[in-house]
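Undergrad: here is the input, now give the coordinates:
(4 chains)
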2 protein chains.
Amino acid sequence: MKGIRRLAEHLNISIGTVSRALNGRPDVNEATRRRVLDAATELGYVPNQAGRTLRQGTTNAVGFMMESGADTSGNPDNFFFGVFDGVQAVLSRHQLDLVVLPCATDEDPTEYLRRMIARRLVDALIISATHRKDPRVELLNKAHVPFIALGRTGTPSDHPWIDLDFEGVANRAVDRLVAKGHRSIAVAVPSSDINLGVIFLQAYKDALARHGIAFEQSLVIYTSSSEQGGYQAAHQLISMAQRPTAILLVYELMAIGFYRGLRDAGLNPGQDVAVIAFRESPLSRFLSPALTCFRLSLRDVGIALGESLLASMPAYADIYPQGIVHRVWPMELVEGDSDNARNG
Amino acid sequence: MKGIRRLAEHLNISIGTVSRALNGRPDVNEATRRRVLDAATELGYVPNQAGRTLRQGTTNAVGFMMESGADTSGNPDNFFFGVFDGVQAVLSRHQLDLVVLPCATDEDPTEYLRRMIARRLVDALIISATHRKDPRVELLNKAHVPFIALGRTGTPSDHPWIDLDFEGVANRAVDRLVAKGHRSIAVAVPSSDINLGVIFLQAYKDALARHGIAFEQSLVIYTSSSEQGGYQAAHQLISMAQRPTAILLVYELMAIGFYRGLRDAGLNPGQDVAVIAFRESPLSRFLSPALTCFRLSLRDVGIALGESLLASMPAYADIYPQGIVHRVWPMELVEGDSDNARNG
DNA sequence: GAGAATTGCGTAAACGTTTTCGGAAGCCTC
DNA sequence: GAGGCTTCCGAAAACGTTTACGCAATTCTC
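TA: Prediction:
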């Protein structure tokens, strides 16, 4: 005899009552509930998830899909782990657990997602590393799996999302640089279709336009979002006929390579080329010169993601009546020394 | 009508046969199997995992538990993702999926693990960030959940594990430094009970002893495994009465802070203080001076973890007949410029 | 060509829960 | 004290699979 039956037998009571007691149903005597609860901890009984899932059609878990090989992996760990922490803080309020689903580098993300959906491991999903054209959205919509995207897509009205304010970042970065006399500003973005890059690039163009600076395609450096990518960006920048006096980097890790690339050529980051990077991380202030960049609370993003996801799950929609969330997450400028020097 | 019943009805066949066909049982006509398989893809049928789990007692998933807040999170991302990739490569051969279980920073890891075990979300587990005294081992043993640890514990014979060769690292690092004339070598380790720190420290002591150098407690700097920790280590080192001429760092991220701390005090890393760090990452070669450190293939570690884990699962033990694995993973020295200068 | 072995399939039980339904007992109301 | 309400609980069905068992039809064996 195992499971709930064992508990019921031990108490001389029916399994139905045990279940009701455990699940906090109102129609059970408080005295019996006590006995059941006590016996449960005594015998170490925990309901079998497969049984519940089968009966209720719900797993009490939500998934966070990430692509280990994606361009976004230029993020230090702490990025995603910070977000996880916030998500969990919300989910745990409702006895929900977070499971992370890492898509292997050699597997197609859409196929992977399809498998995970079919598996019914989770009730809802968070997807990250969105692309402008992201077939996962249609897939999730079609399967009626509640989800939210960390990152916009080309069709932002089709689904809930929370995304960082790349426009604000690009705007303020360009404003700052222009105010210091820079007119020739390069930008380094990932080469793929990934959302971040596309949005950032467009915002950069718009910001230049606001200042009456002509956009030049040659100042856009497509590279990988890693230290290596930053290094290559430096090389590319140095070899330009008219060397730009400033650069925007989308990942802070790129700054490490970029600094090194500049120094190897006898140039000084912050002095000869002003640098502004996108996300603040512990790195930023320990680089020399300290990196000017933009800060956000990862945990808060996680919390927002969690709450917005619950809002799109029928079972919780009344507790989180936010409807479909489309939200641009503001970021705060962190002044470093990497863009201090005036130009001209 | 849903699920397997729908498929069976559509084919005018019993659900038993459908199931057998799908699961590759021998006692089904090849022609029928074809029909079933075709119909399955046509109707997009995928067996409900809860149903199978309930019946078979197996989930076809293995979990990887990590603590987001642990000292080990000073790793740039690629560490765990690299490992995941290897694990998945093995698991996918057997239709197993990997799910990552992130323990929130404010939750007790052992309690978290207990919950995950009770939930029966996975058939087997990989745990990381082991401590010298790690109650999770006993918990897993008692629950009869197959598992493997990435990292030793104080009772290494009680469970399968794969760990990095910290002894080799400490040995070779000290050998190198001594060969260049260093006699006063500091070491920076995390302050907690975490396995890595304890083993590394012991190996450092042993190495010193081999060279007839007296161990001095004052040269051990306990700090957090982050850039910040490295910065503090630098400060601490500088303020020593007799400043050491070399230092061993357990995490490469610490090097960034350490470099900065030295420079802020007018000292040159690599010149005034030789630095050797533990794990190579893309960072290492882009720092100035490039970091001398130790390399390993994360993917290969993941593969080994996956195979050894399967070896401890009854259902796969015959395919991976390795028994209980205790394995120290070798690492390769990567020469940088951070320990070049001779001393004395 | 009779008996034995093999092949292929249908039937039904089982996995561990939750939940609907109904009913027994107790309480209230007048 | 009869009837209605409430409170509490047991019985049993249902969720979607897999698999043990048994049986019919076919093939093999001599």
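
Undergrad: what is the neighbour count of A:D27?
TA: Neighbour count of A:D27, defined by other CB atoms under 10 Å in any protein chain shown: 7. Placement of C-beta: from N, CA and C, glycine included.

Undergrad: is the residue lying closest to it once chain neighbours are set aside within a helix or a strand, and which one?
TA: Residue nearest to A:D27 in three dimensions, not counting chain neighbours: A:R20, with 6.5 Å by CB to CB, 6 or more residues apart in numbering or on different chains. Element membership for A:R20, per DSSP states H and E: helix A:15-22.

Undergrad: still on that earlier bit, verify the stated contact: the residue nearest to A:D27 with A:L37.
TA: No. Counting by CB atoms under 8 Å, A:R20 sits too far from A:L37 to count as a contact (12.0 Å).

Undergrad: out of these two, which sits in the more crowded spot?
TA: A:R20 (17 against 12).

Undergrad: and the contacts of the helix holding A:R20?
TA: A:4-5, A:7-8, A:11, A:27-28, A:32-33, A:36-37, A:40, A:47 (CB atoms under 8 Å, 6 or more residues apart in numbering or on different chains).

Undergrad: how about a cut-off of 6 Å?
TA: A:4-5, A:7-8, A:28, A:33, A:36 (CB atoms under 6 Å, 6 or more residues apart in numbering or on different chains).

Undergrad: okay if I get these as TSV plus neighbour count?
TA: Formatted as TSV, the contacts of helix A:15-22 follow (neighbours: other CB atoms under 10 Å in any protein chain shown):
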residue	neighbour count
A:I4	18
A:R5	12
A:L7	23
A:A8	19
A:V28	18
A:R33	17
A:V36	22
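
Undergrad: how about the strands in chain A?
TA: Assigned by DSSP state E, chain A shows strands spanning A:61-67, A:97-103, A:124-128, A:147-150, A:161-164, A:185-189, A:220-222, A:246-249, A:274-279, A:292-295, A:326-329, A:332-334.

Undergrad: can I get those strands in TSV with distance to DNA strand D?
TA: Shown next, in TSV, are those (distance: least, CB to the nearest atom of the strand, whole Å):
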stretch	distance to DNA strand D
strand A:61-67	17
strand A:97-103	21
strand A:124-128	19
strand A:147-150	21
strand A:161-164	31
strand A:185-189	44
strand A:220-222	45
strand A:246-249	49
strand A:274-279	43
strand A:292-295	47
strand A:326-329	33
strand A:332-334	48
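
Undergrad: for those, which one sits closest to B:E307?
TA: strand A:97-103 (18.4 Å; CB to CB).

Undergrad: got the angle between the closest one and strand B:61-67?
TA: Put simply, strand A:97-103 runs at 110 degrees to strand B:61-67, going by axes from the mean of the first three to the mean of the last three CA atoms, to 10 degrees.

Undergrad: avg pLDDT for strand A:97-103?
TA: Confidence over strand A:97-103 (mean pLDDT, whole number) is 96.

Undergrad: A:N171 and DNA strand D, how far apart?
TA: According to CB to the nearest atom of the strand, to the nearest Å, A:N171 and DNA strand D sit 51 Å apart.

Undergrad: okay, now that residue: neighbour count?
TA: 16.

Undergrad: residue contacts, the nearest residue to it once chain neighbours are set aside?
TA: Once flanking residues are discounted, A:N171 sits nearest to A:A207: 4.9 Å by CB to CB, 6+ apart. A:A207 makes contact with A:170-171, A:174 under the criterion CB under 6 Å, 6+ apart.

Undergrad: reformat these as a markdown table; add pLDDT and distance to A:R119.
TA: A markdown table is the format used below for the contacts of A:A207 (pLDDT from 0 to 100; distance: CB to CB, whole Å):
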| residue | pLDDT | distance to A:R119 |
| --- | --- | --- |
| A:A170 | 97 | 39 |
| A:N171 | 96 | 42 |
| A:V174 | 98 | 45 |
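
Undergrad: quick revisit: and of the strands of chain A, who's closest to A:Y112?
TA: Judging the strands of chain A by CB to CB, what sits closest to A:Y112 is strand A:97-103, at 4.3 Å.

Undergrad: and that closest one, what does it pack against?
TA: Applying 3 or more CB pairs under 6 Å, 6 or more residues apart in numbering or on different chains; DSSP states H and E, we find strand A:97-103 packed against strand A:61-67, helix A:78-91, helix A:109-119, strand B:97-103.

Undergrad: the first one pairs with which strands?
TA: For strand A:61-67, the paired strands and their directions (DSSP bridges) are strand A:97-103 (parallel), strand A:124-128 (parallel).

Undergrad: so which of these gets nearest B:A315?
TA: strand A:97-103 (21.9 Å).

Undergrad: pLDDT below threshold where in chain A?
TA: A:69-77, A:344 (pLDDT under 70).

Undergrad: again, only using 50
TA: Of all residues in chain A, those with pLDDT under 50 make up the ranges A:70-74.

Undergrad: neighbours of the closest residue to A:F200 other than its chain neighbours, how many?
TA: Counting by CB to CB, 6+ apart, A:F200 lies nearest to A:F166, which is 4.6 Å off, once chain neighbours are set aside. Other residues within reach of A:F166, judged by other CB under 10 Å, total 26.

Undergrad: can you check A:P47 too?
TA: 18.

Undergrad: for the one 4 residues further on, same thing?
TA: Each residue near A:G51 was counted by other CB under 10 Å, and the total is 15.

Undergrad: what number of residues lie near A:A188?
TA: 30.

Undergrad: quick one: it and A:I221 touch, right?
TA: Yes. Look at A:A188 against A:I221 with CB atoms under 6 Å: they come within range, at 4.4 Å.

Undergrad: any common contacting residues for the two?
TA: A:A233.

Undergrad: quick one: residues contacting the residue nearest to A:V198 when sequence neighbours are not counted.
TA: Excluding the flanking residues, the one nearest A:V198 by CB to CB, 6+ apart is A:R132, at 5.3 Å. When the contact criterion is CB under 6 Å, 6+ apart, the partners of A:R132 are A:154, A:193, A:195, A:198.

Undergrad: the last one and A:V137, how far apart?
TA: Just to be clear, that refers to A:V198. 16 Å (CB to CB, to the nearest Å).

Undergrad: and the second one, by the same measure?
TA: In this structure, A:D193 and A:V137 are 14 Å apart, going by CB to CB.

Undergrad: ok, the two, which is more surrounded?
TA: Taking other CB under 10 Å, A:D193 and A:V137 do not tie; A:V137 has more neighbours (21 against 14).

Undergrad: now the more buried one, nearest residue through space, not along the chain?
TA: A:H159 (5.1 Å).

Undergrad: A:A315 too?
TA: A:T58 (7.3 Å).

Undergrad: make sure the one you found is actually in contact with A:V122.
TA: No. If you go by CB under 6 Å, A:T58 and A:V122 don't touch, sitting 9.9 Å apart.

Undergrad: beta-bridge partners for A:S128, please?
TA: Residues in beta-bridge contact with A:S128 (DSSP bridges): A:L150.

Undergrad: can you spell out the domain ranges of chain A, please?
TA: A:3-47, A:61-164+A:297-331, A:166-295 (automatic domain parsing).

Undergrad: chain center to the first one: distance?
TA: If I follow you right, that is domain A:3-47. Here the centre of domain A:3-47 is set off from its chain's centre by 41 Å, with CA atoms, centre = their mean, to the nearest Å.

Undergrad: same question for stretch A:266-279.
TA: On CA atoms, centre = their mean, the centre of stretch A:266-279 falls 27 Å from the chain's centre.

Undergrad: interface residues of chain A facing chain B?
TA: Within chain A, the positions lying close to chain B (CB under 6 Å from any CB of the partner chain) are A:46, A:49-50, A:53-54, A:68, A:73, A:75-77, A:81, A:84-85, A:88, A:99-100, A:102, A:104-105, A:118-120, A:226-227, A:256-257, A:260, A:282-283, A:286, A:288.
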